[in-house]
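**Q** here is a sequence with its predicted model. Questions after.
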Amino acid sequence: MLRWRLISAAVILAVLLTLVWLDYRQAWGAPSGAWLLPVMCLVVFLATAEMLSLLAAKNLRPIGPIVLTGNLAITLAAALPLLFQLAGRKLPGSGPLGEFGWPMIALVAASIAILIGEMARFERPGNSIVNAALGIFALVYVGLLGSFLAPLRLVHDNGWGMMALFSVLLIVKMADVGAYAIGRMLGRTKMTPILSPGKTWEGACGGVFTACATSWAFFHWAGPWLVPSGFVEPSVAAALAYGAILALAGMAGDLAESMLKRDMQRKDSSTWLPGLGGVLDILDAVLVAAPVGWLCWVFGLVGP
């Protein structure tokens, strides 16, 4: 199992890092985010399909095509500034909620479509309201939370945007590695013995420590390279706080998916990634960490 996990992780990292490099270099004149947007859409689509599969295990069946289309619409709405840039145009007035208003509009439209769809297929009392509620939950959990990856990439400019996106992904995943390693070596006290028996408080502390160290090292060493002109390194306290916040958010995301799988009595969201489970199993921590990280950048904890 460990061998397959390492092989799957190596392949995914190789592909992802190649696309990150192409996106950062703005290869062939593509604007920031253009190389990563198709990956984001594919990941959201696959994660949504796995979410629907998990629900189907308990005979809970939201209207799949609407949920899938809605989550793609939310993702593209979050990347609307990039789409307009690709079309050679400037995004018109962003509305009262700013650029974040567009994903909210897509979420509302998809939620209404789900309600109308459930009305259309209603035949007898049963699970209609439950399916509608779960469909909207899937829109928020996968689509809306995941859509924050787009505004992270579009923070300020190309260099800062890559720092924002890459820092969230790196810190969250390093926190997971640290929690796993320390938990295996020193873990004694179960954190959630029913929800996720393998997690320990010692592992959680190790994850937070690893995230803090990764955050400081990333801003100190990678920052000047990613932003060669005008880089301002955050204070040590801010970098450590950023790492701790992302680690805790990532743990919450991990436990949230564990709760979903426990409810559906499934070990993994799917089995197509040997040793890693499914896309949702990889994305779970990021789904909660992405909006939290975006807020850290928007409110100035880190960034320009």
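**A** Noted; the coordinates are in hand.
**Q** so which other helices or strands are in contact with the lengthiest strand in the chain?
**A** Using DSSP state E, we find that the single longest strand of the chain is strand 196-200. Judged by 3 or more C-beta pairs under 8 Å, 6 or more residues apart in numbering; DSSP states H and E, the packing partners of strand 196-200 are helix 158-186, strand 190-192, helix 236-264. Quick note: C-beta positions are derived from backbone N, CA and C, even for glycine.
**Q** what is the subsequent helix or strand relative to that strand?
**A** Per DSSP states H and E, the first helix or strand lying C-terminal to strand 196-200 is helix 201-217.
**Q** that following helix: what's the following helix or strand?
**A** Towards the C-terminus, the helix or strand next in line after helix 201-217, according to DSSP H and E, is helix 223-226.
**Q** what comes up buried for that following helix?
**A** G223, L226 (16 or more other C-beta atoms under 10 Å).
**Q** show me what that helix is packed up against.
**A** Helix 223-226 packs on helix 158-186, going by 3+ C-beta pairs under 8 Å, 6+ apart.
**Q** figure out how far the helix it packs on is from the centre of its chain.
**A** With C-alpha atoms, centre = their mean, to the nearest Å as the basis, helix 158-186 stands 12 Å off its chain's centre.
**Q** before we move on, what about stretch 212-229?
**A** Stretch 212-229 sits 21 Å away from the centroid of its parent chain (C-alpha atoms, centre = their mean).
**Q** from start to finish, how long is that stretch in a straight line?
**A** End-to-end distance for stretch 212-229, by C-alpha to C-alpha, to the nearest Å: 25 Å.
**Q** and if you look at stretch 193-202?
**A** Across stretch 193-202, the terminal residues are separated by 14 Å (C-alpha to C-alpha).
**Q** again, but for stretch 28-35
**A** Start-to-end, stretch 28-35 (C-alpha to C-alpha) is 10 Å.
**Q** how far out from the middle of the chain is it?
**A** Distance of stretch 28-35 from the chain centroid (C-alpha atoms, centre = their mean) equals 21 Å.
**Q** worst average pLDDT in the helices and strands packed on strand 196-200?
**A** For the helices and strands packed on strand 196-200, the bottom mean pLDDT is recorded on strand 190-192, which sits at a mean of 90.
**Q** what does it contact?
**A** Contact with strand 190-192 is made by P197, K199, T200, W201, G203, A204, L255, S258, as judged by C-beta atoms under 8 Å, 6 or more residues apart in numbering.
**Q** could you find the closest non-adjacent residue to the second one?
**A** So that's K199. Of all residues not flanking K199 in the chain, M191 sits nearest, at 4.5 Å (C-beta to C-beta, 6 or more residues apart in numbering).
**Q** residues near the one you found, how many?
**A** For M191, the neighbour count with other C-beta atoms under 10 Å is 19.
**Q** how far away is it from A204?
**A** Separation of M191 from A204 (C-beta to C-beta, to the nearest Å) stands at 6 Å.
**Q** quick one on the thing from earlier: tell me which of the contacts of strand 190-192 is nearest to G33?
**A** L255 (29.9 Å; C-beta to C-beta).
**Q** next up, the contacts around the closest one.
**A** Taking C-beta under 8 Å, 6+ apart, we find L255 in contact with T192, L195, S196, K199.
**Q** just checking, the last one touches Y180?
**A** Spelled out, that is K199. No - the criterion here is C-beta atoms under 8 Å, and K199 misses it with Y180 at 9.5 Å.
**Q** ok, these two, which is more surrounded?
**A** Neighbours per residue (other C-beta under 10 Å) separate K199 from Y180, with K199 holding more: 22 against 17.
**Q** of the contacts of L255 - the most surrounded one?
**A** Tallying neighbours with other C-beta under 10 Å puts K199 at the head of those, with 22 neighbours.
**Q** which residues does that residue contact?
**A** A179, G183, K190, M191, T192, L255.
**Q** can you list the weak-confidence ranges in the stretch 201-304 of the chain?
**A** 271-276 (pLDDT under 70).
**Q** any idea how far L144 lies from M174?
**A** In terms of C-beta to C-beta, L144 sits 25 Å off from M174.
**Q** what of L295?
**A** L295 sits 20 Å away from M174, taking C-beta to C-beta as the criterion.
**Q** next: F84.
**A** For F84 relative to M174 (C-beta to C-beta), the value is 34 Å.
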